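In: predicted model follows, preceded by the sequence.
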Amino acid sequence: QGGQRGVGGSLPTSPPPPGAMTATNERSAAPKGMRAKSIGHYILGKTIGEGTFGKVKLGTHILTGEKVAVKILEKESKAVNEKLEVTGRFKDKVAKIESFCTELQNFDNSLKAIDSWKDTATAELEDIKNASGSMVPEDRVARTMDLQEDIAAKMEILVKNAATEQDLLPQGDKVPQDAQDFKDELNRITKYVTDLQARTKTECDKYSEDVKYWAEYRTGIKEFSPWLASSEGACTEGLSKPSNLDEVKALNEKVAAFAKSCENYLKVLMSADAAAKKMTTHDEADKEVATLKGRFDKVKAEIGRAHV
């Protein structure tokens, strides 16, 4: 029973011989009110010997009645069980330590990955700002929005890392230095990425406004450019010399109408220029407006000479 170990015979394949002791005989032989102990197919009887690690009892096979000596190693069994219990507790502790080490390694790897990424993200923001003059506002907005999404994903990881830090590392005023190093690193990276997120949002908001001004600018240029090209063509063809007073009068009316048209389209060009100057960067727009204005001035000069 329990931690006891014994030896005995094997079961016979034929009915027990006459006079063999059965479980009923043995149990009836036990003192009244007591239940006979058994190990396997053997009923334990009186103690016939005793040693350092246990006792030797007389065992009787239930079916054959064969008598054997059964050694009960109670102390040895108890020692083995205690060792097994210690081994089990040790395995549990080792498993917990291994789990802790794995979680700590994953935590550290995550921080290192974001620390490396933040330098790349910062360079991307600076490139957007520095190259904004050579990009249309739509491209600037698209790039800053992509960067914002990337930063938001990293912020989610940092939030999870903060929860891991709370569960994994000791808290309180007296924290071991190695644990405090992890805490400081997490705080440093989180602060940097939070600031980067704010700066990127500011740039994206600027560029979003640029899209509106850019649309106003392009609308004006698309309206002004065809008129200018047509007017340059008319100036190249020149005006026919009037031969009578009616033709002179008609020519003057034509020139006056064209001059009025010049004033109206100049307003279109200047409105486009005003919209461009509201953008974050407008170097390319300034150059285009200057070129168109120069061509306009030549046309206007031709009209002035014709009017004279």
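Out: Now that the structure is in, tell me what you want to look at.
In: can you pull out the helices in this protein?
Out: Assigned by DSSP state H, the helices in the chain fall at 23-29, 74-130, 137-168, 177-237, 245-277, 283-307.
In: quick one: contacts of the last one?
Out: In other words, helix 283-307. The contact list for helix 283-307, computed with C-beta atoms under 8 Å, 6 or more residues apart in numbering, reads 133-134, 217, 221, 224-225, 228, 231-232, 235, 239, 251-252, 255-256, 258-259, 262, 265-266, 269, 272-273, 276-277, 279. For glycine as for every other residue, the C-beta is placed from the backbone atoms N, C-alpha and C.
In: quick one, that helix and helix 245-277 angle?
Out: If you take axes from the mean of the first three to the mean of the last three C-alpha atoms, to 10 degrees, helix 283-307 sits at 170 degrees to helix 245-277.
In: how about helix 283-307: buried residues?
Out: Within helix 283-307, the residues that count as buried by 16 or more other C-beta atoms under 10 Å are 285, 288, 289, 292, 296, 299, 300, 302, 303, 306.
In: hang on, the earlier thing: in TSV: the helices of the chain, plus distance to residue 62 and mean pLDDT.
Out: Formatted as TSV, the helices of the chain follow (distance: least, C-beta to C-beta, whole Å; pLDDT from 0 to 100):
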stretch	distance to residue 62	mean pLDDT
helix 23-29	5	40
helix 74-130	22	86
helix 137-168	58	91
helix 177-237	64	90
helix 245-277	108	86
helix 283-307	106	84
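In: want to try a markdown table for the ones you listed, with distance to residue 59 as columns?
Out: As requested, the helices of the chain are exported to a markdown table (distance: least, C-beta to C-beta, whole Å):
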| stretch | distance to residue 59 |
| --- | --- |
| helix 23-29 | 10 |
| helix 74-130 | 16 |
| helix 137-168 | 57 |
| helix 177-237 | 61 |
| helix 245-277 | 108 |
| helix 283-307 | 106 |
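In: so residue 62 sits against residue 68, correct?
Out: No: if you go by C-beta atoms under 8 Å, residue 62 and residue 68 don't touch, sitting 11.9 Å apart.
In: quick revisit: and the helices of the chain: which comes nearest residue 47?
Out: helix 74-130 (12.3 Å; C-beta to C-beta).
In: report the distance from that closest one to the chain centre.
Out: 19 Å (C-alpha atoms, centre = their mean, to the nearest Å).
In: helices and strands around that helix, which ones?
Out: helix 137-168, helix 177-237 (3 or more C-beta pairs under 8 Å, 6 or more residues apart in numbering; DSSP states H and E).
In: just the angle between it and helix 137-168, please?
Out: Using the same axes, to 10 degrees: helix 74-130 against helix 137-168 is 160 degrees.
In: quick one on the thing from earlier: name the residues contacting each of residue 62 and residue 68.
Out: With C-beta under 8 Å, 6+ apart, residue 62 and residue 68 have common neighbours residue 42.
In: who has more neighbours, these two?
Out: residue 62 (23 against 14; other C-beta atoms under 10 Å).
In: so what pLDDT did the more buried one get?
Out: Per-residue confidence (pLDDT) for residue 62: 90.
In: ok, of the contacts of helix 283-307, which come out buried?
Out: 217, 221, 224-225, 228, 231, 235, 251, 255, 258, 262, 265, 269, 272-273, 276, 279.
In: what is the neighbour count of residue 58?
Out: So residue 58, with other C-beta under 10 Å, has 16 neighbours.
In: so it sits right up against residue 72, yeah?
Out: No: if you go by C-beta under 8 Å, residue 58 and residue 72 don't touch, sitting 11.5 Å apart.
In: now residue 57, which residues is it bridged with?
Out: residue 47, residue 70 (DSSP bridges).
In: distance to residue 113 added to the helices and strands packed on helix 74-130, as TSV?
Out: Shown next, in TSV, are these (distance: least, C-beta to C-beta, whole Å):
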stretch	distance to residue 113
helix 137-168	9
helix 177-237	10
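In: hmm, back to that, quick one: the buried residues of helix 283-307 as TSV, columns for distance to residue 99 too.
Out: Shown next, in TSV, are these (distance: C-beta to C-beta, whole Å):
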residue	distance to residue 99
285	61
288	64
289	67
292	71
296	76
299	81
300	82
302	86
303	87
306	92
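In: state the pair within those residues that is farthest apart.
Out: 285 and 306 (31.6 Å).
In: number of nearby residues for the nearest residue to residue 176 once chain neighbours are set aside?
Out: In space, residue 176 comes closest to residue 170 once its chain neighbours are excluded; the distance is 6.7 Å by C-beta to C-beta, 6 or more residues apart in numbering. Residues lying near residue 170 (other C-beta under 10 Å) number 10.
In: next one: residue 170 relative to residue 127, how far apart?
Out: 42 Å (C-beta to C-beta, to the nearest Å).
In: shouldn't residue 155 be in contact with residue 194?
Out: Yes: distance between residue 155 and residue 194: 7.3 Å, which falls inside the contact criterion (C-beta under 8 Å).
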